[in-house]
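*Asks:* A structural model of the following input is requested.
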Amino acid sequence: MQTYMTRGTCSRQILFDVTPDLKVKNVKFIGGCSGNLQAVARLVDGKDVDEVISTLKGIKCRSNTSCGDQLALALEEYKAKLNSPEEIVKK
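*Replies:* Residues are numbered from 1 along each chain as shown. The predicted structure is shown next:
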């Protein structure tokens, strides 16, 4: 399970998994608007990482970001780690 500490949102943290074929699974927001974030988590479940990023990135709420935008940033960070030289060596 991946952990991402959010910035500028009511939610404090996002937990998520990514399958080997880059599908988003098991998203859980810690804190924030429970009903709305449960809905976001269900809507992105099983979707391709790039599709979730393109759908949610740039959505604004407070502090010029949103919980959805933070999920997109978390997934971008995950993808960057996948492509980093030290991660390639670990595989």
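
*Asks:* For residue 19, see how far away the residue nearest to the spatial centre of the chain is.
*Replies:* Among the residues of the chain, the one closest to the centroid is residue 71, at 2.8 Å (C-alpha atoms, centre = their mean). In this structure, residue 71 and residue 19 are 16 Å apart, going by C-beta to C-beta, to the nearest Å. Bear in mind the C-beta positions are built from the backbone N, C-alpha and C, glycine included.

*Asks:* quick one: low-confidence ranges for this protein?
*Replies:* Low-confidence segments of the chain (pLDDT under 70): 85-91.

*Asks:* does residue 62 really touch residue 9, like I thought?
*Replies:* Yes - counting by C-beta atoms under 8 Å, residue 62 does reach residue 9; the two are 6.8 Å apart.

*Asks:* Neighbour count for those two, which is higher?
*Replies:* Neighbour tally, residue 62 and residue 9, criterion other C-beta atoms under 10 Å: the higher count belongs to residue 9, 22 against 10.
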